[in-house]
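> From the sequence below, what's the structure:
(chains A and B)
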Amino acid sequence: MVVSLISIILLAPLASFAIFALLGLAKRNFPRQDYLSTFAMLVALGCSLYLIQEVVSDPKPLTVEWLSLGSVTFSMGFYLDSVTVIMLIVVTLVSSLVHIFSIGYMHGDPRYPRFFAFLSLFSFSMLFLVVSDNLLGIYIGWELVGLCSYLLIGFWFEKDSAANACKKAFLTTRVGDVGMFIGMMMLFAEFKTLSLYGDNGIFDAVTTLESGQIAGLSIAGILIFCGAVGKSAQVPLHTWLPDAMEGPTPVSALIHAATMVAAGVYLVARMFPILTPTSSLVIAYVGGITALVAATIAIVRFDIKRVLAYSTVSQLGYMMLAIGAGSYVAGLFHLTTHAFFKALLFLGSGSVIHAFHAMHAHHDDEHTDDAEHEHDDHSLVHEHGSEIPPDQDMRNMGGLRKKMPWTFGTMLVATLSISGVPFVFSGFWSKDKILAGVLGRAMEWNSVHHYILFSMALIAAGITAFYMFRLIFMTFFGEPRNQEMHNMAHESPWVMTVPLIILAALSFPIVNTGWFNKDYVKPPEQHHVSAPQHAYVSPDTKTADANFGFSLFGTSEAEAAEEDGGNGTTYTDDAHYAVHKLAHNIAMVLSICVAGLGILLSWMFYQRRTFSAEGVATTFRPVYNLFWNKYYFDEFYDGVLVALTVWKSRLFAKFDLSFIDGIVNGVGKVTRDIFAAFIGFFDNRVVDGLVNRVAEVTWAAGGRIRKIQTGAIQTYLFVVLGGIVLIILIFRLF
Amino acid sequence: MSLQHYLVISSILFSLGIFAVLTRKNAISILMGIELILNSCNLNFVAFSRFITPAESIVGSEVFRFDGQIIAIFGIVLAAAEAAVFLAIILAIYREFGSIRPDEVDTLKG
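Modelled structure (predicted):
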């Protein structure tokens, strides 16, 4: 039953793509590919929802042998636990809604069917990645989603910026994938398998490792995390994600906000049992730095999609931080809530862009006379080679609140959610849970690292609230900055607003925190956390349980959970629980404070204009420049890595030309001038001489002997007669 | 007349034939020489057949055997055929070289 359901989930989108591909081979176009793909996704969604009840408490991998190489057998299979089911639902749900939205958004595109076919292929790959029970399957899905990302970022490949962006995305993620592959091979060399679950799986084998081998395990964990760094756009490989916004906006929502980039987080969560304290700390710090760096960059962007892109990077860093700090459940919880509200934000921005789309033709003069455009000195060329498209530039927006009420309302919900406005929005709960988990860990262990991580997360939360409300204020409030474009704007058709409304509904915790009910998601054991850290995982579960119910008064749910007393097995230790409860309360208060502060500042800057954003920017010019130029990551890569690669290539080319070619030419010269000359001499003198001598001797002999042949027949007869006489004489005489 | 007389005459004919073949400058004369040689052979055949009868014939009855004579007749027929071919060749040579002197027909000279 489970297997057939999973098979249907996988095969439905694959079949949709296959139909497109086969018709494509037959040079036919199927005009209703959109309905086909959407239907396939809805089927997959239905099966995923049905699977919720199938989850068993002790999941077993469902595998078949796939490939035998000598004594090693690679198996392929599915692994279904609560995390898988949640990911399945997130992927199929967001994918379905994005399909529906795209019917409106992509309408009239010349490659309309192809777009849906690619979405189907992507959905299949992502679902395959999610259900795989082994690293090989995950890797296959991993590369397939990378391919689909490449194809969809470059969907409008006529634009140079899109063509460059898709190449950049593909190559940058490949850097991380190399690390991931090396990590996989390290695990394979050690355990002789790539299966994660089951009796001989990696997670089983990892329990038997001795303490001396933990260092190797740490390295393998960090290397596998490298793949996640690439895919989830963590610092320092985050630069591709903002550029990936060159793709169509539904793609940004599906791939670059909700699902594919979350695959990295999912991978790290899947590999949780092999993470050692060292590798966990690395993951947490990378996540924390990413959250801060991306959030600060987002403050100064003007392109609405780029703001959201950096926001995505920042939130992904948040999830990494959570999982690295041991808050497994919190990380996954934030993954799901983020998937919905960020998909909503992207689709909302897509709706806004769609409203402005008609303006494409005559926008050229809009840009230069812009009032806020006082940064002429840093030209917009820094937005990687392209100026901000006018229909995505927030400086052209403003006052859209009344024009697009549905878009505004739903985006506001998502913004409140991501900003962490307390109690009624899901983002608050997941973010709060991360903060509480990290702070609890810090207080319990008295760990400086975790205090640092906590403050990073807290600051990032405040900045998030600030830039998200900046986006809302600039787009929907105030006076229209560009009257001509404003007049053209209109609310989007219902196929686009309905997905927005559904996603908005999913941003309320009553709908989605239930998934993270107590005992539904349980963090796996980490075997290499030494004795004093053994409570590492368990109390987190408890806080997780405590905070997930929907409640207007967050603590009351926590108290209710307290009476339950948890699972009553490993962590009945009241001291731990008390610490975590205290941490949770502190974290909640602090997170509400920073969110409020961020929103307040944003309101004062961009709505009430108590302070001038430009004034602050001028005062702190170096800091502003740093943010505006995205910490010079791209410049660093262009100036150092790319230049280094080019320099190195030139060096090798020179080496090739002078050294390798020199050797080859030298050998050629020696061969020609010495060996060939000698052999030529030998040929001319000895061989030819011999042949010529033989010929001359023969010739001379022939010249003598031919004289015998007189041609006179009587001479011959005479000789014959003489011969006969001679023979007779000889026989007579002897 | 005994066998020796025949053999002496045959030898004289043969020698004259050889002499003619080796010395004459005219192809027709050479043909004549060859005919002499052939006929000396025929004479030998008949003479031997007449004077030296095979052993078993003597023992059996008074029957003559004509083996030598028959061979001689074959030889005469052969000589006639040979003469025809030879004359044809000589005609062809004459057309080709304008001469029937064998020492002038020496294209195969080495």
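
> What is the burial count for the residue of the stretch 51-200 of chain A found nearest chain B?
Closest to chain B within the stretch 51-200 of chain A is residue A:70: 79.2 Å, counting by C-beta to the nearest C-beta. All C-beta atoms are positioned from the backbone trio N, CA, C, and that covers glycine. Around residue A:70 there are 5 other residues, counting by other C-beta atoms under 10 Å in any protein chain shown.

> so who does the residue nearest in space to the middle of chain B touch?
Central residue of chain B (C-alpha atoms, centre = their mean): residue B:38, 0.7 Å from the mean position. By C-beta atoms under 8 Å, 6 or more residues apart in numbering or on different chains, the contact set of residue B:38 is B:17, B:75, B:78-79, B:82.

> And these, which two are furthest apart?
Put simply, by C-beta to C-beta the two of the contacts of residue B:38 set farthest apart are B:17 and B:78, 15.1 Å from each other.

> So which of the two has more stuff around it?
When residue B:17 and residue B:78 are compared for neighbours, residue B:17 comes out ahead with 21 against 12, by other C-beta under 10 Å.

> The longest helix along chain B vs chain A: in contact?
Using DSSP state H, we find that the single longest helix of chain B is helix B:67-97. No: using C-beta under 8 Å from any C-beta of the partner chain, we find that helix B:67-97 stays clear of chain A, coming within 11.0 Å at best.

> by contact count, what packs against that helix?
helix B:27-51 (3 or more C-beta pairs under 8 Å, 6 or more residues apart in numbering or on different chains; DSSP states H and E).

> Over the helix it packs on, what's the mean pLDDT, rounded is fine.
Mean pLDDT, helix B:27-51: 91.

> For residue A:651, see how far away residue A:666 is.
Look at residue A:666 and residue A:651: by C-beta to C-beta, to the nearest Å, they are 21 Å apart.

> So residue A:309 sits against residue A:244, correct?
Yes: with contacts counted by C-beta atoms under 8 Å, residue A:309 reaches residue A:244, the gap being 7.2 Å.

> Could you tell me which residues touch both of the two?
A:252, A:256.

> Only C-alpha atoms, please: export the host helix or strand of residue A:625 in CSV.
Secondary structure assignment for residue A:625, by DSSP states H and E: helix A:621-628. Extracted in CSV, the C-alpha atoms of helix A:621-628 (Å, rounded to 0.1, in the frame of the first residue of the first chain):
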residue,chain,number,x,y,z
ARG,A,621,28.4,55.1,4.0
PRO,A,622,31.0,52.4,4.4
VAL,A,623,28.5,50.0,6.0
TYR,A,624,25.9,50.9,3.4
ASN,A,625,28.4,50.2,0.6
LEU,A,626,29.3,46.9,2.2
PHE,A,627,25.6,45.9,2.2
TRP,A,628,24.9,47.4,-1.2
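
> State the pLDDT value of the residue nearest the centre of chain A.
For chain A, the residue nearest the mean C-alpha position is residue A:231 (2.4 Å; C-alpha atoms, centre = their mean). The model reports residue A:231 with a pLDDT of 91.

> Quick one: residues contacting it.
Contacts of residue A:231 by C-beta under 8 Å, 6+ apart are A:142, A:145-146, A:173, A:176-177, A:260-261, A:263-264, A:267.

> Would you mind naming what in chain B lies close to chain A?
So far as C-beta under 8 Å from any C-beta goes, chain B lies against chain A at B:18, B:21-23, B:30, B:102-103, B:105-110.

> Using PyMOL, define a selection of the buried residues within those.
The buried residues among those can be selected in PyMOL (16 or more other C-beta atoms under 10 Å in any protein chain shown) with this line:
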select buried, chain B and resi 18+21+30+102+105+106
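
> Quick one: the residues of chain B next to chain A as CSV, columns for secondary structure too.
Below are the residues of chain B next to chain A laid out as CSV (DSSP: H, G, I helix; E, B strand; the rest coil):
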residue, secondary structure
B:18, helix
B:21, helix
B:22, helix
B:23, helix
B:30, helix
B:102, coil
B:103, coil
B:105, coil
B:106, coil
B:107, coil
B:108, coil
B:109, coil
B:110, coil
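
> Let me have the residues of chain B next to chain A in CSV, extended by distance to residue A:659.
Formatted as CSV, those follow (distance: C-beta to C-beta, whole Å):
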residue, distance to residue A:659
B:18, 91
B:21, 88
B:22, 87
B:23, 90
B:30, 88
B:102, 83
B:103, 82
B:105, 79
B:106, 75
B:107, 72
B:108, 71
B:109, 71
B:110, 67
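
> of the residues of chain B next to chain A, the lowest pLDDT goes to which?
residue B:110 (68).

> chain center to stretch A:660-671: distance?
47 Å (C-alpha atoms, centre = their mean, to the nearest Å).

> quick one on the thing from earlier: now do the residue nearest to the centre of chain B against residue B:71, distance only.
From residue B:38 over to residue B:71 (counting by C-beta to C-beta), the distance is 12 Å.

> Kindly report the same for residue A:464.
136 Å.

> who has more neighbours, those two?
The residue with more neighbours, out of residue A:464 and residue B:71, is residue A:464; 28 against 17, by other C-beta under 10 Å.

> helices and strands around the helix or strand hosting the more buried one, which ones?
Here residue A:464 sits within helix A:448-476, counting by DSSP H and E. Judged by 3+ C-beta pairs under 8 Å, 6+ apart, helix A:448-476 is in contact with helix A:277-299, helix A:304-324, helix A:400-403, helix A:405-419, helix A:426-445, helix A:574-606.

> of the ones you listed, which approaches chain B most closely?
Closest to chain B of those is helix A:277-299 (C-beta to the nearest C-beta; 101.3 Å).

> what mean pLDDT does the closest one have?
Rounded mean pLDDT across helix A:277-299 is 90.

> same thing with stretch A:660-680?
90.

> Between the two ends of it, what distance do you get?
28 Å (C-alpha to C-alpha, to the nearest Å).

> and chain A, which of its residues are near chain B?
A:705-714, A:717-718, A:721.

> Identify all contacting residues around the one helix or strand residue A:12 maps to.
Per DSSP H and E, residue A:12 falls inside helix A:2-25. The contact list for helix A:2-25 (C-beta under 8 Å, 6+ apart) reads A:29-30, A:33, A:36-37, A:39-41, A:43-44, A:47-48, A:50-51, A:54, A:62, A:78, A:80, A:88, A:92, A:95, A:113-114, A:116-118, A:120-121, A:123-124, A:127-128, A:131.

> which parts of it are buried?
A:5-6, A:8-17, A:19-20.

> swap in stretch A:400-412?
Neighbour-count burial for stretch A:400-412 flags A:400-401, A:403-404, A:406-412 (criterion: 16+ other C-beta under 10 Å).

> likewise stretch A:96-116?
Under 16+ other C-beta under 10 Å, the buried positions of stretch A:96-116 are A:96-106, A:112-116.

> same thing with stretch B:40-52?
Within stretch B:40-52, judged by 16+ other C-beta under 10 Å, the buried ones are B:40-49.

> With distance to residue A:189 added, can I get the residues you listed in JSON lines?
Shown next, in JSON lines, are those (distance: C-beta to C-beta, whole Å):
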{"residue": "B:40", "distance to residue A:189": "110"}
{"residue": "B:41", "distance to residue A:189": "106"}
{"residue": "B:42", "distance to residue A:189": "109"}
{"residue": "B:43", "distance to residue A:189": "113"}
{"residue": "B:44", "distance to residue A:189": "109"}
{"residue": "B:45", "distance to residue A:189": "108"}
{"residue": "B:46", "distance to residue A:189": "113"}
{"residue": "B:47", "distance to residue A:189": "114"}
{"residue": "B:48", "distance to residue A:189": "109"}
{"residue": "B:49", "distance to residue A:189": "111"}
